[in-house]
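In: what follows is a predicted structure for the sequence shown.
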Amino acid sequence: MKTPLISILLFFALSIAVSAPCAETGSILYAKHCSACHGDRGQGATAPALRKQGLLQTIDSSYIINTIRFGRQFRGMPSFKTLSDNDAGGLASYIKSWQTENTLAAPQNNVEPKDSQRGKEMFALCGGCHGLDGEGAMGPPLLDKGFLNSISDTELRRTIMYGRPGTPMKGYIKGMGGLAVFSQAEIDTLISYIRFRQKNLE
């Protein structure tokens, strides 16, 4: 009776090994699909650097996978919808393997899309770098459908709270050096307004 049990366990072990995304496979895919624009070591070239702790600390693997799927309309990045889920996961694992600092802590709640005067006011503050209508300026576009389809509320919250260390963007909680200090409720109001604007993107 032991032989069938061993065979079953071996089958499941091999299945997991074949299906699980791995950084080794991801490195090959990265060289093929990403390195020409993002640099062979993620240092950036014609596209932004990916090997930045300030980025990697604020995002999860799902953000990278979604970015691969949706691309970036305003930044010239195509979508890679033909990549399998396993390949997209392998790429995400490889890029996240560059992270050496802990992911930044932030509340995990989602918000409802909502128009509000306070949300507009805070969004206007972002406009100094990201464009008055979120179209991008010295900072990247905020109202980019690919970006907003890729990022979760928690990831947006981390970015607003802490900024992007290593870039000009400062955080908007106390001690982070931003142009203002936002409460968690205000940060949620801003995210809610951004999600409201997202609904009207083509």
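Out: Arrived safely. Here the structure is a predicted model, which is why all the values come from computation and not from measurement. Numbers count the residues shown, from 1 in each chain.

In: tell me the mean pLDDT for stretch 125-140?
Out: Stretch 125-140 comes out with an average pLDDT of 92.

In: ok now it, how far from the chain's centre?
Out: 18 Å (C-alpha atoms, centre = their mean, to the nearest Å).

In: what sits against the residue sitting nearest the centre point of the chain?
Out: Nearest to the centroid of the C-alpha atoms of the chain, with distances taken as C-alpha atoms, centre = their mean, sits Tyr63, at 3.8 Å. Shown here is Tyr63, whose contacts under the criterion C-beta atoms under 8 Å, 6 or more residues apart in numbering are 150-152, 155. Heads up, the C-betas are built off the backbone N, CA and C, glycines and all.

In: which strand or helix spans it?
Out: Using DSSP states H and E, the secondary-structure element containing Tyr63 is helix 61-70.

In: quick check, distance from the very next helix or strand once past that helix to the centre of its chain.
Out: If you walk from helix 61-70 toward the C-terminus, the next helix or strand you reach (DSSP H and E) is helix 85-96. With C-alpha atoms, centre = their mean as the basis, helix 85-96 stands 13 Å off its chain's centre.

In: low pLDDT regions in the protein?
Out: With pLDDT under 70 as the threshold, the chain has low-confidence stretches at 1-24, 202.

In: quick one: the helices in it?
Out: With DSSP state H, the ranges of helices along the chain come out as 2-19, 23-33, 35-38, 53-56, 61-70, 85-96, 117-130, 145-150, 153-162, 184-198.

In: adding distance to Ser79, write these out as a markdown table.
Out: Formatted as a markdown table, the helices of the chain follow (distance: least, C-beta to C-beta, whole Å):
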| stretch | distance to Ser79 |
| --- | --- |
| helix 2-19 | 23 |
| helix 23-33 | 12 |
| helix 35-38 | 14 |
| helix 53-56 | 20 |
| helix 61-70 | 6 |
| helix 85-96 | 11 |
| helix 117-130 | 22 |
| helix 145-150 | 7 |
| helix 153-162 | 19 |
| helix 184-198 | 17 |
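
In: of the ones you listed, which approaches Ala106 most closely?
Out: When those are compared by C-beta to C-beta, helix 153-162 sits nearest Ala106, at 4.5 Å.

In: what inclination does the closest one have with respect to helix 117-130?
Out: Note on geometry: by axes from the mean of the first three to the mean of the last three C-alpha atoms, to 10 degrees, helix 153-162 and helix 117-130 are set 70 degrees apart in direction.

In: all further residue positions should be reported with the first residue as 14.
Out: With the count now opening at 14, the last piece we talked about shows up as helix 166-175.

In: show me what counts as buried in helix 166-175.
Out: 166-175 (16 or more other C-beta atoms under 10 Å).

In: count the neighbours of Gly191 for me.
Out: Counted with other C-beta atoms under 10 Å, the burial measure for Gly191 works out to 18 neighbours.

In: isn't it right next to Gly176, touching?
Out: Yes. Counting by C-beta atoms under 8 Å, Gly176 is a contact partner of Gly191 at 6.7 Å.

In: pick the one among the buried residues of helix 166-175 closest to Leu203.
Out: When those are compared for distance to Leu203, the smallest value, 6.5 Å, is given by Ile173; criterion: C-beta to C-beta.
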